[in-house]
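Visitor: Starting from these lines, generate the structure:
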Amino acid sequence: MEGIYLYGIIDTAEEKSLGIAGITAYGEVYPVRNITEAGQDSKISNGVYTIPHQDISAVVSDSQFADYTTLRKDETARYLLRHQQVIEKIMDTHTIIPMRLGTFANNNEEIKEILTKGYRTIKNIFEGIKESREIDVVATWSDLNSVLKEIAEEEEIKEFKQMLLNKKEGVTVDDQMKIGIMVKNHLNQKREKYVIEIQTSLSKVSEGIKVHELMDDRMIINTAFLISKDKQKDFDRKVEKLNTEFAEKLNFRCVGPLPPYSFYTLEIKKMQFEEIDWARRKLDLNDISTKEEIKKARQAKAFLFHPDKNPNTPGIEKEFDEVTRAYNVLWEYCQKDFCSFKEDEFKKNAILVRVRG
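Guide: Numbers count the residues shown, from 1 in each chain. Coordinates of the predicted model:
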């Protein structure tokens with residue numbers, strides 16, 4: 001079944017082909033083609049184009065529907081790379097808010113509905129990221145083995161090792177694990193010292209910071225910084241200064257400039273009426289309720305079904321969890337101070353546009 005694949009939102013309302021090949025579900029990933037090569041108005045196969053609404057546009061291409069969560073890791077990585085290539089190509093000429101990988105709409109009308117529902121959120125993001133870009137900074141130990149040897153020579157660890165050697169019963173597996181934990185803690189302390197210095201320095205010329213997961217023990221820092229365009233050179237100089245200062249200890253790598261993936265990636269959620277109606281009934285709410293009423297209903301139900309108050313009641317934990325889930329469903333759905341849970345009103349609010357950052 002064919003749908004429309006979304007890459008992101010740009011701050012222009014012109015309907016046009018962008019002359020870039022798009023993502024293909026379960027097929028070959030086409031290389032990026034230069035806009036001038038394809039021609040500004042040409043519609044290439046699987047090509048990227050815009051669908052405007054007011055003063056913004058969705059960047060899209062026609063594609064077969066696919067559930068990207070079911071793909072193998074290598075397939076997901078391939079599509080993620082293509083998704084990002086398209087976004088970063090468009091970034092050359094437009095400010096773009098990225099869309100989450102694997103976002104589809106059924107047709108043009110649904111794209112328009114997404115833009116309408118998310119218009120205020122999207123405009124607020126554009127105000128926040130105007131002339132800004134993301135830079136990802138990764139620092140790793142230059143020689144982890146040397147660092148570990150250095151830690152092994154610290155007095156606390158040397159004394160502990162000596163104590164173990166003096167034990168009549170010999171060194172146990174638990175003893176070895178304790179040494180490993182001590183070394184790990186000392187390594188983390190050293191890492192944290194560098195992290196504070198690096199983040200403090202780079203934050204001075206950044207508008208935002210997002211800390212990402214460390215992939216292994218060699219990695220010191222894996223952090224995204226939101227940089228204003230006019231601060232780019234200042235940021236680069238600070239990274240170079242850090243690289244010089246820690247030349248014998250750390251290696252630095254910067255990726256970017258990038259769209260603000262870590263700070264403002266849009267997600268589209270299509271709500272189901274059955275789920276909303278179930279949640280409303282679970283909390284005993286009327287067809288029209290305020291956010292305050294939703295909150296109070298949840299508190300009352302949570303008090304009634306709390307496992308600590310009903311330790312011997314079978315299934316009470318499940319009931320308590322369902323109350324929490326119902327509350328989360330309704331709280332996400334209710335975007336204003338009050339909302340209607342009637343089916344005809346629900347259809348007007350079935351699509352949610354939210355920011356993952």
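Visitor: Leu242 in helix, strand or coil?
Guide: Secondary structure state of Leu242, per DSSP: H, G, I helix; E, B strand; the rest coil, is helix.
Visitor: Would you indicate which residues of the helix or strand where Glu127 lies are buried?
Guide: Under the criterion of DSSP states H and E, Glu127 resides in helix 119-129. Residues of helix 119-129 classed as buried: 119, 121-122, 125-126, 129 (neighbour count, 16 or more other CB atoms under 10 Å). The way it works is simple: take the backbone N, C-alpha and C, and place the C-beta from them, glycine included.
Visitor: Show me the contact partners of it.
Guide: Applying CB atoms under 8 Å, 6 or more residues apart in numbering, the contact partners of helix 119-129 are 9, 11, 53-54, 56, 95, 97, 115, 226, 260, 263-264, 266, 353-355.
Visitor: what about 10 Å?
Guide: 9-11, 53-56, 58, 95-97, 114-115, 118, 207-208, 226, 228, 259-260, 263-264, 266, 335, 352-355, 357 (CB atoms under 10 Å, 6 or more residues apart in numbering).
Visitor: Kindly report the same for stretch 290-300.
Guide: Stretch 290-300 is contacted from outside by 279-280, 282-286, 289, 323-324, 326-328, 330-331, 333-339, using CB under 10 Å, 6+ apart.
Visitor: same thing but at 6 Å, please
Guide: Contacts with stretch 290-300, where a contact means CB atoms under 6 Å, 6 or more residues apart in numbering, come from 283, 285, 327, 330, 334, 337-338.
Visitor: Show me what counts as buried in it.
Guide: Within stretch 290-300, the residues that count as buried by 16+ other CB under 10 Å are 293-294, 297-298.
Visitor: before we move on, what SS does Tyr327 have?
Guide: Tyr327 ends up helix, using three-state DSSP.
Visitor: Where does pLDDT dip in this protein?
Guide: Residues of the chain meeting the criterion pLDDT under 70: 1, 24-46, 164-165, 168, 170-172, 175, 349, 357.
Visitor: could you point out the longest helix in it?
Guide: Longest helix in the chain by number of residues (criterion: DSSP state H): helix 173-203.
Visitor: re earlier: determine which two of the buried residues of helix 119-129 are furthest apart.
Guide: Greatest spatial distance in these: Tyr119 and Ile129, 16.1 Å, computed using CB to CB.
Visitor: The nearest residue to Glu156 once chain neighbours are set aside: neighbour count?
Guide: Setting aside the residues directly before and after it, Glu156 is nearest to Met182 in space (CB to CB, 6 or more residues apart in numbering), at 7.1 Å. Counted by other CB atoms under 10 Å, the residues lying close to Met182 total 17.
Visitor: rewinding a little: could I get the buried residues of helix 119-129 as JSON lines with distance to Lys73?
Guide: Converted to JSON lines, the buried residues of helix 119-129 look like this (distance: CB to CB, whole Å):
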{"residue": "Tyr119", "distance to Lys73": "36"}
{"residue": "Thr121", "distance to Lys73": "31"}
{"residue": "Ile122", "distance to Lys73": "31"}
{"residue": "Ile125", "distance to Lys73": "30"}
{"residue": "Phe126", "distance to Lys73": "33"}
{"residue": "Ile129", "distance to Lys73": "30"}
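Visitor: Closest one of those to Gln176?
Guide: Using CB to CB, these come closest to Gln176 at Ile129, 50.2 Å.
Visitor: how close does that closest one get to Glu267?
Guide: According to CB to CB, to the nearest Å, Ile129 stands 17 Å off from Glu267.
Visitor: Do you have the helices of the protein handy? List them.
Guide: 35-38, 73-90, 108-117, 119-129, 144-152, 155-165, 173-203, 232-245, 273-282, 291-305, 316-333, 343-346.
Visitor: The second one packs against which elements?
Guide: Which is helix 73-90. strand 2-10, strand 96-98 (3 or more CB pairs under 6 Å, 6 or more residues apart in numbering; DSSP states H and E).
Visitor: for the shortest one, packing partners?
Guide: If I follow you right, that is strand 96-98. Packed next to strand 96-98, using 3+ CB pairs under 6 Å, 6+ apart, are strand 2-10, helix 73-90.
Visitor: neighbouring strands for that strand, and are they parallel or not?
Guide: According to DSSP bridges, strand 96-98 has the following sheet partners: strand 2-10 (antiparallel).
Visitor: now the strand it pairs with against helix 73-90, angle please.
Guide: For strand 2-10 against helix 73-90, the angle by axes from the mean of the first three to the mean of the last three CA atoms, to 10 degrees is 50 degrees.
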